[in-house]
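Novice: Have a look at this fold, sequence not included:
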């Protein structure tokens, strides 16, 4: 196991000037306090951000390994242990996250118990053990002493509402949550919660079709050090925002998204974005899966058939899907592709309707463009765009 204090002391012995640098980049006020922390086994700095900045400054390529070892030694009754749970969660350090969650659950400290309770409830929702419909009532019944968890309870509700596509409700709630975050004492938690909110609002802006906000929120996240997990998703959102306007910019960000991606679910989503981008611009999709039974994959194959002039194959593939099992968003795409295959106005109008019901303002652009192409009354198209 790597010992953080020993590592830093050894580094300072070899390069004493680094002590001044650490004092400058962290909240540690002087070298005396730094050396007190390093030389005493019982002395801790109650600022997680300072610990993290020291590691990133001296050992940027070993951050996760060193932080993992250090965090596992923390007292679960102390604030550093609570903040380490946020660090592990945001960086997808699943083994460390589960270890610290278990430690906090067994803690005797009320605020540590608050953190464990809320994180466990959110984990159960993510696993499907609690439905999105039941989740808000469960969270609202919890009472917290921890000011961080009072705010975090509002953030996890945003995750739930996102899955339910209640995007306008989320947009309305965001300013109040941002104000609550700004009042938190810990710089690390303030920054981390702000990044969570920015990522949420990147997704909200995407579904509302607010292109400039997608990039604005996304750039805020990309400006922060670390957080490669967030960068993968953010680059996907930004890449998708350029799909209809700039092939090269979209491909650039989606390629970066692949570089930073570190989980299977996001990897699938990126591949589908790459396929859609290629199909939209008449290029060869790089990741078509002709054997997949997943609706998004089937739709990309359908789109490829249409772009290649194979309308019968496209229609047969659409007919093979179970209409009743499709989400509203998928029905919007289904009718868009059907409309392209048969050049049918009513299909495009139905596509608009399903995208509207799904609160999907970004991809509604697709059937509206086709309606313009086939000569639909501009006033009708304008009314549908504002609907």
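Specialist: Thanks, I have the structure now. This is a predicted model, so every value here is computed, not measured.
Novice: Okay, buried residues for the helix or strand that contains residue 383 please.
Specialist: Per DSSP states H and E, residue 383 falls inside helix 378-386. Buried residues in helix 378-386, counted by 16 or more other CB atoms under 10 Å: 381, 384. No exception for glycine: its C-beta is placed from N, CA and C like everyone else's.
Novice: packing partners for it?
Specialist: Under the contact criterion of 3 or more CB pairs under 8 Å, 6 or more residues apart in numbering; DSSP states H and E, helix 378-386 touches helix 365-373.
Novice: pLDDT averaged over the helix it packs on - what is it?
Specialist: Helix 365-373 carries an average pLDDT of 95.
Novice: what's in contact with it?
Specialist: 209, 244, 332, 335-336, 339-340, 345, 348-349, 351-352, 355, 378, 380-381, 384-385 (CB atoms under 8 Å, 6 or more residues apart in numbering).
Novice: Listing request: residues of this structure with sub-threshold pLDDT.
Specialist: 1-2, 226-229 (pLDDT under 70).
Novice: Output the longest helix belonging to it.
Specialist: helix 187-208 (DSSP state H).
Novice: any idea how far stretch 256-272 is from the chain center?
Specialist: Here the centre of stretch 256-272 is set off from its chain's centre by 12 Å, with CA atoms, centre = their mean, to the nearest Å.
Novice: That stretch: end-to-end distance?
Specialist: Stretch 256-272 has an end-to-end distance of 15 Å (criterion: CA to CA, to the nearest Å).
Novice: From residue 357, how far out is the closest residue to residue 200 other than its chain neighbours?
Specialist: Excluding its sequence neighbours, the residue lying closest to residue 200 (CB to CB, 6 or more residues apart in numbering) is residue 158, at 5.0 Å. Residue 158 sits at a distance of 21 Å from residue 357 (criterion: CB to CB, to the nearest Å).
Novice: If you count surrounding residues, which of these two has more?
Specialist: Neighbour totals were compared for residue 158 and residue 357, and residue 158 leads with 22 against 13 (other CB atoms under 10 Å).
Novice: Next, the buried residues of the one helix or strand that one maps to.
Specialist: Residue 158 belongs to helix 147-163 when assigned by DSSP H and E. Residues 147-162 are the ones in helix 147-163 that count as buried (16+ other CB under 10 Å).
Novice: quick one: contacts for residue 304?
Specialist: 275, 279, 285, 288.
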